[in-house]
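> coords please:
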Amino acid sequence: MIFTKHHLLAAILVASLFYSVITAAQQTAAPDNASTATVNNATLYVFNISGWTLIPSNQEIAEADAVIVSLPRGTYTTLTITPGNHEFYVHPFKGRKVLLTAEPNKEYYLVVGYNPSKSYAFPLGGDPVLIRLISQEQGQNLQKELKPKE
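Okay, the predicted model is just below:
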């Protein structure tokens, strides 16, 4: 049997059509799975309250050796996290960390920042890098003061 260019084109067309149908079916099913998965997750609000510096830089929060968010000064963002134990730290300083046991459908508020006035007096003035969990009320107040990360 001799295959011509037309046979090859027809085979490619049938294969791409088949692929499109399968992909569309998978994409249709994905939102159902995604919506049930997010119902059981927790929400983490992360705020960067760093003080003014001549050369601004983002604060990076990491977990399990991977940066999960990089925030400019004066901004915040919202992340979806899985229930369970988490260890968030200011990248690359693993010693500056927060431990969190997240529960399904709960909200948590994490603040991170760099205070340049403390860095001049470190260690006597305290650690210039801050990372800690705050209350819901404190987090809601910061949402009014800071801008959402774009």
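> which strands border whichever strand in the chain runs longest, and is each parallel or antiparallel?
Scanning the chain for the strand with the most residues, using DSSP state E, yields strand 93-102. If you go by DSSP bridges, strand 93-102 pairs up with strand 84-90 (antiparallel).
> low-confidence ranges in this protein?
The chain contains residues with pLDDT under 70 at 1-38, 116-127.
> hmm, try it at 80
Scanning the chain for pLDDT under 80 picks out 1-39, 53-56, 93, 115-128.
> in it, which spans are helices?
For the chain, the helices defined by DSSP state H cover 5-39, 116-119, 136-145.
> break the protein down into its structural domains.
The chain breaks down into these domains under automatic domain parsing: 1-39, 40-148.
> quick one: the closest residue to residue 60 other than its chain neighbours from residue 106, how far?
Spatial nearest neighbour of residue 60, excluding adjacent residues (Cβ to Cβ, 6 or more residues apart in numbering): residue 91 at 4.0 Å. Quick note: C-beta positions are derived from backbone N, CA and C, even for glycine. To residue 106, residue 91 is 25 Å away according to Cβ to Cβ, to the nearest Å.
> of these two, give the one with the bigger neighbour count.
The residue with more neighbours, out of residue 91 and residue 106, is residue 91; 19 against 14, by other Cβ atoms under 10 Å.
> list the contacts for the more buried one?
60-62, 67 (Cβ atoms under 8 Å, 6 or more residues apart in numbering).
> how does it look with 10 Å?
Applying Cβ atoms under 10 Å, 6 or more residues apart in numbering, one finds that residue 91 lies in contact with 58-63, 65-70.
> phi, psi of the residue nearest to residue 80 when sequence neighbours are not counted?
Leaving aside its sequence neighbours, residue 80 sits nearest to residue 41 (Cβ to Cβ, 6+ apart; 4.9 Å). Main-chain dihedrals, residue 41, degrees, to the nearest 10: phi -80, psi 170.
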